[in-house]
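> what follows is a protein structure lacking sequence information:
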């Protein structure tokens, strides 16, 4: 019994230390990024953050258009699943925001400079989630370095931009990246599962029965 109490106390103490460290890490890092200001950064990261919607619409739309031009139904289907992954990512992100209800950095800490509207709650980062979702989808569909590297570089720049703008903590960005990448992977696996099931059904013909 005494051992159990000691064990529980140790776990609780370790959790509190970890939580405190995480909180300090979050604010220290976002402060160092946010307060290192320049006009170039203001314009560059503003454009980067604002381009997320265009990026997430253009990627599946472009893929679908290419499928139509080439009469490639597989490309069209992949575009649909990519869009599906983005929808899942958006739904999960908004649900987590409402559950966690974490305030934005500029709300909690007056010394954080707000450079974007940043409405609603903070965790996870919706921009980062969207960017990593599309970057992961493109990387899974076209596993070439010249696709993977630029896609993830762009997604990482979006996450950095949101910290620079003072609207997200590093852990918000990390959570957004995980949600986005995870949603894209699930959509990709769902597509492969449906393809496998469809091909399996095609092999079962009346003659073979």
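Looks like it arrived, so ask away. Remember, it's a predicted structure, so these values are computed and weren't measured experimentally.

> quick one: the helices in the chain, in order.
Counting by DSSP state H, the chain has helices at residues 2-34, 39-50, 52-69, 73-100, 105-108, 126-141, 145-164, 170-203.

> now these as TSV including mean pLDDT and mean neighbour count?
For every residue, glycine as well, the C-beta is placed using N, CA and C. Putting the helices of the chain into TSV (pLDDT from 0 to 100; neighbours: other C-beta atoms under 10 Å) gives the following:
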stretch	mean pLDDT	mean neighbour count
helix 2-34	59	12
helix 39-50	93	14
helix 52-69	91	16
helix 73-100	92	18
helix 105-108	91	19
helix 126-141	95	26
helix 145-164	96	19
helix 170-203	85	18
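
> touching stretch 132-143 from outside, list them.
For stretch 132-143, the external contacting residues (C-beta atoms under 8 Å, 6 or more residues apart in numbering) are 55-56, 59-60, 63, 78, 81-82, 85-86, 89, 147-148, 151-152, 154-155, 159, 176-177, 179-181, 183-185, 187-188.

> try 6 Å
Stretch 132-143 is contacted from outside by 56, 59, 78, 82, 85-86, 89, 147-148, 151-152, 155, 177, 180-181, 183-184, 188, using C-beta atoms under 6 Å, 6 or more residues apart in numbering.

> which one is residue 121 nearest to, not counting chain neighbours?
residue 97 (4.2 Å; C-beta to C-beta, 6 or more residues apart in numbering).

> doesn't residue 122 make contact with that neighbour?
No. At 7.5 Å, residue 97 does not count as touching residue 122 under the criterion of C-beta atoms under 6 Å.

> contacting residues for residue 157?
Residue 157 touches residue 48, counting by C-beta under 6 Å, 6+ apart.

> what's the distance between the nearest residue to residue 27 once chain neighbours are set aside and residue 148?
Closest residue to residue 27 apart from its sequence neighbours, by C-beta to C-beta, 6+ apart: residue 109 at 6.3 Å. Distance, residue 109 to residue 148, using C-beta to C-beta, to the nearest Å: 36 Å.
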